[in-house]
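1. Whatever this is, show me its structure:
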Amino acid sequence: MSSFELIFSLFGLLLGLSLAEVLGGFGKAVKARARVRIGWLTPLLGLLVMLDLTSFWITAWTARETTPVNYLTLMLLLIFTGLYYLAAVLVFPEDPDRVPDFDDHYWANKKFVIGAVFALNIPNYAYEWTVGASYLANWIGLAIMASFLLLLAFAWAARTRRPSVVLLAVLVFLYPLSGTLAALGWY
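-> Here you go, the predicted structure:
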């Protein structure tokens, strides 16, 4: 087992469990759709968290050569992935039948979930900046990164439904946009 495989086993396990929590929440929502109002806010937040979680696997892959294997690294990864797991658990209500309107659940938990996504992207972007990620050397990549963080801040602060839906939809759209632009070699 390589050093990276040792570290990635913890990182991958907790991120995988986080994805499973969000996907399980989607499943429970679909099963309860006849009894509850799901709306747009909670599903969009779930998509945002899943896409963001997936993006961290790419960062982990790029860090495989430079990540030291020691207790400090494992503790930092535990904090990082643990925070993501907590955010993922809060996206959907545990028992949909006890929450007749998922928008109410969104408003009760969005500050923590969006705040965690924001907080976790800061060290991610900082790492990518220090290793010279190519997209950060390009104005398109910098614009997407800055837009993402700014839109997250606005989504965190939004107090009404319509701007929240629009902000979450744009944040979700930034992932395929960024991936497409990168695949086309634009950054």
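2. Ala155 contacts Val165, correct?
-> No. Taking contacts as Cβ atoms under 8 Å, Ala155 lies outside contact range of Val165: 9.8 Å. The way it works is simple: take the backbone N, C-alpha and C, and place the C-beta from them, glycine included.
3. Between the two, point out the one with more neighbours.
-> Ala155 (25 against 17; other Cβ atoms under 10 Å).
4. mind checking how far the more buried one is from Val99?
-> Per Cβ to Cβ, to the nearest Å, Ala155 is found 21 Å from Val99.
5. same check, this time on Asn138
-> Asn138 is 43 Å from Val99, by Cβ to Cβ.
6. Neighbour count: the two, which is higher?
-> The neighbour comparison of Asn138 against Val99 (other Cβ under 10 Å) goes to Val99, with 20 against 15.
7. what distance separates the helix or strand encompassing Gly46 from the centre of its chain?
-> In this structure, Gly46 sits in helix 41-62 according to DSSP states H and E. In terms of Cα atoms, centre = their mean, to the nearest Å, the centre of helix 41-62 is found 4 Å from the chain centre.
8. and what of stretch 40-48?
-> For stretch 40-48, the distance to the chain centre is 11 Å (Cα atoms, centre = their mean).
9. Dump stretch 160-171 to CSV, keeping only the CA atoms.
-> Taking C-alpha atoms only, stretch 160-171 is exported to CSV below (Å, rounded to 0.1, in the frame of the first residue of the first chain):
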residue,chain,number,x,y,z
THR,A,160,-36.0,34.6,0.8
ARG,A,161,-36.9,31.7,-1.4
ARG,A,162,-36.5,33.0,-5.0
PRO,A,163,-33.0,34.4,-4.7
SER,A,164,-31.9,31.3,-2.8
VAL,A,165,-33.2,29.0,-5.6
VAL,A,166,-31.5,31.1,-8.3
LEU,A,167,-28.2,31.3,-6.4
LEU,A,168,-28.2,27.5,-5.7
ALA,A,169,-29.1,26.8,-9.4
VAL,A,170,-26.2,29.0,-10.6
LEU,A,171,-23.8,27.4,-8.1
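10. Thank you, goodbye.
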